[in-house]
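*Asks:* fold the following, please.
(one chain, ligands or ions: 2)
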Amino acid sequence: MSRQQNVLEHRLRGRDFLAVADLTAGEVSGLLDLAIAYKRGAEPGHPLAGRSVAMIFLRPSNRTRVSFEVGISRLGGHPIALFDREIELGRRESVADVARILDGFVDGLVVRVPSHRDLLGLAEHMRHPVINAMTDQGHPCQILADCLTVRELLGGLAGHRVTFIGDGNNVCNSWIEGANLLGLDLRVVTPAGHEPSAAVLGASERLGPGRVSVTNSLDEGLEATEIIYTDVWTSMGQEAEHEQRREDFGPYQVNGELLRRAPAGVRVLHCLPAHRGEEITDEVLDGPQAAVFQQAENRLWAQQALLAALFAPADAAP
Ligand code: CP
Ligand code: NVA
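*Replies:* Ligands and ions are numbered 1, 2, ... in the order given. Model (predicted):
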């Protein structure tokens, strides 16, 4: 283990990861270095040997649950997936009691819940690390993998321009934090009424040297951009608004015509799952400018680095 990795683990051991803003720019950079090392085949060791990590998933998932489950296993740990039908969070048992019980059994918790307040409630009553695997307010693990992908595609993060086209909710919120923290130039393009909240924009401003602007104009957003990023128009739990959202977001579809308005060579990312034919077309998603499957695979490497750092053994002194 390198001294750099040792210092990173010393700093992150035992901490929660509830938002991108929980990390410093240096810590993100260290995690991405570690993720790249793992991706290149560095042996991760077994920092989770003899430890169990529960994963509460109250929303569907492919990438997040499987990448966490595989990552925990590769690091020598035992993942335990818990779904709504079993845990009935806040109905069968209070959020605080669920946390207190699990805290006595397991060494950490990965949480995908609709309500960010429930995530905070679980974290408050767990002594062991809690990781946000997506709430209505944020998806910080996604942004770690996205930043790894942008680094691979563009050779770095600071000073590069990313254009987020879509809904100003969870993924966008975490991107706003990440861009500010890491010095990116993020342009958020949404239909009127779907902008990210002023509270998120305001609170993220102080995180670092990045710049974030919000517009309803595609031309403004696409100017000199290097990455176009999109997310579904109808997030999990918003299904009743599907028709209205199709109407609101229709002009913002990432399609061949939109790519022709962007700088040549722009790359396209999507957190996935894609609703093909809504926010993005097959032509773009399956085309040469998209890097979405590389991005999806990076979930595993970025989270393996995160897990290794949060669950580093106590004898890994700097
Ligand atoms: N991007 C993402 O979080 O995918 P899943 O919902 O499949 O986990
Ligand atoms: N905004 C989407 C992200 C899915 C990974 C949702 O919340 O459903």
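*Asks:* which of the three states applies to the closest residue to ligand 2 within the stretch 201-318 of the chain?
*Replies:* Going by C-beta to the nearest ligand atom, ligand 2 is nearest to Ser235 of the stretch 201-318 of the chain, at 3.3 Å. For every residue, glycine as well, the C-beta is placed using N, CA and C. When classified by DSSP: H, G, I helix; E, B strand; the rest coil, Ser235 comes out as coil.
*Asks:* now the helices for the stretch 151-300 of the chain?
*Replies:* 170-182, 198-205, 218-222, 242-249, 256-261, 282-285, 292-310 (DSSP state H, counting those that start in this stretch).
*Asks:* in the fifth one, what counts as buried?
*Replies:* Translated: helix 256-261. Leu258, Leu259 (16 or more other C-beta atoms under 10 Å).
*Asks:* and the helices of the stretch 151-300 of the chain, which is most packed in?
*Replies:* Each of those was scored by mean neighbour count; the highest is helix 170-182, a mean of 27, by mean count of other C-beta atoms under 10 Å.
*Asks:* and the worst-scoring helix or strand of the chain on mean pLDDT, what does it pack onto?
*Replies:* Lowest by mean pLDDT, DSSP states H and E among the helices and strands of the chain is helix 3-12, with a mean of 80. On a contact count with 3 or more C-beta pairs under 8 Å, 6 or more residues apart in numbering; DSSP states H and E, helix 3-12 meets helix 25-39, helix 292-310.
*Asks:* please name whichever of the ones you listed is nearest to ligand 1.
*Replies:* Closest approach to ligand 1 among the helices and strands packed on helix 3-12 (C-beta to the nearest ligand atom): helix 292-310, 7.1 Å.
*Asks:* now the closest one: average pLDDT?
*Replies:* The average pLDDT within helix 292-310 is 98.
*Asks:* separation between Gly77 and ligand 2?
*Replies:* Using C-beta to the nearest ligand atom, to the nearest Å, Gly77 is found at 24 Å from ligand 2.
*Asks:* was I right to think that residue contacts Ala49?
*Replies:* Yes. With contacts counted by C-beta atoms under 8 Å, Gly77 reaches Ala49, the gap being 7.2 Å.
*Asks:* and the least confident helix or strand of the chain, how far from the chain's centre?
*Replies:* For helix 3-12, the separation from the chain centroid amounts to 22 Å (computed by C-alpha atoms, centre = their mean, to the nearest Å).
*Asks:* check which residues of it are buried.
*Replies:* For helix 3-12, burial by neighbour count (16+ other C-beta under 10 Å) applies to Gln5, Leu8, Glu9, Arg11, Leu12.
*Asks:* a markdown table for those, including distance to ligand 2?
*Replies:* Below are the buried residues of helix 3-12 laid out as a markdown table (distance: C-beta to the nearest ligand atom, whole Å):
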| residue | distance to ligand 2 |
| --- | --- |
| Gln5 | 29 |
| Leu8 | 27 |
| Glu9 | 28 |
| Arg11 | 28 |
| Leu12 | 24 |
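*Asks:* report pLDDT for the spatially closest residue to Gly193 that is not a sequence neighbour.
*Replies:* In space, and not counting its chain neighbours, Gly193 is closest to Asp248: 6.9 Å by C-beta to C-beta, 6 or more residues apart in numbering. Looking at Asp248, its pLDDT stands at 98.
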